[in-house]
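Novice: quick one, structure for this:
(one chain, ligands or ions: 2)
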Amino acid sequence: MEIGFLGLGIMGKAMSMNLIKKGFKVTVWNRTLSRCDELVEMGASVGETPAAVVKKCKITIAMVSDPAAALSVVFDKDGVLEEMSSGKGYVDMSTVDPETSSKISEAITSKGGSFVEAPVSGSKQPAEAAQLVILAAGDKALYEEAIPAFNAMGKKSFYLGPIGNGARMKLVVNMIMGSMMNAFSEGIVLADRSGLNPSDLLDVLDLGAIATPMFKGKGPNMIKSNFSPAFPLKHQQKDMRLALALGDENAVSMPIAAAANEAFKKARSMGLGDLDFSAVHEVVKQHKD
Ligand SMILES: NC(=O)C1=CN([C@@H]2O[C@H](COP(=O)(O)OP(=O)(O)OC[C@H]3O[C@@H](n4cnc5c(N)ncnc54)[C@H](OP(=O)(O)O)[C@@H]3O)[C@@H](O)[C@H]2O)C=CC1
Ligand SMILES: O=CCCC(=O)O
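Specialist: Numbering: from 1, shown residues only. Ligands and ions are numbered 1, 2, ... in the order given. A predicted model of the protein is given here:
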């Protein structure tokens, strides 16, 4: 099947590579076109614009940074909407809010196309290993048609019902993750400043009830202040902001998430937005008597 892929950042590059490896014919587009070169070497074709990709492909997937980018690739000149028509499907796997997803869904369906939102749980390494968890919602027939592609990129797909539910699930998960990262950072700093070896803390955590792949994977690098990006901090802060808006809408008090969001905002203001989200550790370390 001919699949289009828009957005070749950390995630999109790994996901589109897996589609090629699993035998899909893939046409890619990225705003910075030079980022397509590596995919072309693997056998991908390049579309000059999102519209050109949609024209060529029955199903087009997008994986871009945030709501503004997700809207731009659909609605701007030479965007997805220009070539959307009956029989074509659009799958947005970016992490956005339910409102953005609904706007895109309405526009796609008004042109006769079908739409699925399918944000993912899992970061750079699971994306490379085709181990993502796919949180899909929207047009059920398109979801079923896209399952072979989802299987090429992930280990499990959930169908969560109407448009918005994929975005909601993803925001809840990342809200928990962002809060956990802050608590973890505070724990490492507290261990260090109270005279413990932070590496011992990691070993203790790993054997107990709160062991998690995130602590095990990120901890050693955090202790070494290595924040090479797998999940950019600016995206985690975007997800906290969108999750807090979901909390506002549903009158859910989330003081822990709000405090975590402040720390991520502070990290952005310190110029750490392009580093891994674990770089929030630098904010926690900064607080001294
Ligand atoms: N990294 C991770 O661990 C995970 C990320 N996500 C989510 O996946 C999405 C992508 O993340 P990730 O790959 O890490 O992000 P990156 O920052 O690595 O890549 C962002 C991509 O979006 C494109 N982009 C940004 N703005 C625009 C725009 N205005 N118009 C068109 N394209 C644009 C970029 O193009 P260009 O190259 O030109 O800048 C790039 O292709 C985000 O929504 C993120 O929250 C979800 C799960 C895990
Ligand atoms: O949105 C990013 C999620 C990162 C992860 O699940 O490890």
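Novice: what residues are up against the residue lying farthest from the centre of the chain?
Specialist: Here the chain reaches farthest from its C-alpha mean at Gly195, the gap being 37.0 Å by C-alpha atoms, centre = their mean. With contact taken as C-beta atoms under 8 Å, 6 or more residues apart in numbering, Gly195 is in contact with no other residue. In this view, the C-beta of every residue, glycine as well, is placed from N, C-alpha and C.
Novice: report the contact partners of the residue of the stretch 151-289 of the chain found nearest ligand 2.
Specialist: Across the stretch 151-289 of the chain, the shortest distance to ligand 2 (C-beta to the nearest ligand atom) belongs to Phe231, at 4.5 Å. By C-beta under 8 Å, 6+ apart, Phe231 lies in contact with Ile10, Ser123, Lys124, Asp276, Phe277.
Novice: and the gap between the second one and Lys218?
Specialist: Same thing as Ser123. Using C-beta to C-beta, to the nearest Å, Ser123 is found at 10 Å from Lys218.
Novice: next up, the contacts around Trp178.
Specialist: Rather than Trp, residue 178 is Gly. Gln236, Asp239, Met240, Ala243, Ala257, Ala260, Asn261, Phe264, Phe277.
Novice: need the three-state assignment for it.
Specialist: Put simply, Gly178 is helix when judged by DSSP: H, G, I helix; E, B strand; the rest coil.
Novice: now the residue positioned nearest the centre of the chain. Nearest residue, chain neighbours left out?
Specialist: Against the mean C-alpha coordinate of the chain, by C-alpha atoms, centre = their mean, the closest residue is Thr95 at 4.9 Å. Residue nearest to Thr95 in three dimensions, not counting chain neighbours: Pro119, with 4.8 Å by C-beta to C-beta, 6 or more residues apart in numbering.
Novice: dihedrals phi and psi, the residue in the stretch 51-200 of the chain that ligand 2 sits nearest to?
Specialist: Nearest to ligand 2 in the stretch 51-200 of the chain, going by C-beta to the nearest ligand atom, is Ser123, at a distance of 3.7 Å. Main-chain dihedrals, Ser123, degrees, to the nearest 10: phi -110, psi -150.
Novice: neighbours around it, how many?
Specialist: 22 (other C-beta atoms under 10 Å).
Novice: and what of the one 3 residues further on?
Specialist: For Pro126, the tally of surrounding residues (other C-beta under 10 Å) stands at 20.
Novice: without its sequence neighbours, what residue ends up closest to it?
Specialist: Excluding the flanking residues, the one nearest Pro126 by C-beta to C-beta, 6+ apart is Leu132, at 5.4 Å.
Novice: and what of Val26?
Specialist: Val26's closest residue in space is Ala44 (C-beta to C-beta, 6+ apart), at 4.7 Å.
Novice: give me every residue that touches that neighbour.
Specialist: Ala44 is in contact with Phe5, Ser16, Ile20, Val26, Thr27, Val28, Cys36, counting by C-beta under 8 Å, 6+ apart.
Novice: check contacts around the first one.
Specialist: Going back to what we said before, that points to Phe5. Per C-beta under 8 Å, 6+ apart, neighbours of Phe5: 12, 15-16, 19, 26-29, 44, 53, 60-63.
Novice: quick check: residues of the stretch 1-150 of the chain near ligand 2?
Specialist: With the criterion set to C-beta under 6 Å from any ligand atom, the stretch 1-150 of the chain comes near ligand 2 through Thr95, Ser121, Gly122, Ser123.
Novice: tell me the contacts of the last one?
Specialist: Same thing as Ser123. Shown in contact with Ser123 (C-beta under 8 Å, 6+ apart): Met11, Ala230, Phe231.
Novice: again with the first one
Specialist: Contacts for Thr95 were tallied using C-beta under 8 Å, 6+ apart; they are Asp66, Pro119, Ala167, Lys170, Leu171, Asn174, His235, Lys238, Asp239, Leu242.
Novice: so the second one makes contact with Pro98?
Specialist: This means Pro119. No: counting by C-beta atoms under 8 Å, Pro119 stays clear of Pro98, with 10.8 Å between them.
Novice: overlap in contacts, these two.
Specialist: Joint contacts of Pro119 and Pro98 (C-beta under 8 Å, 6+ apart) are Ala167.
Novice: more neighbours: the two, which one.
Specialist: Shown here are Pro119 and Pro98; by other C-beta under 10 Å, Pro119 has more neighbours (26 against 23).
Novice: quick one, helices of the stretch 101-250 of the chain?
Specialist: Along the stretch 101-250 of the chain, the segments classed as helices by DSSP state H, counting those that start in this stretch run 124-128, 140-153, 165-193, 198-206, 213-223, 233-249.
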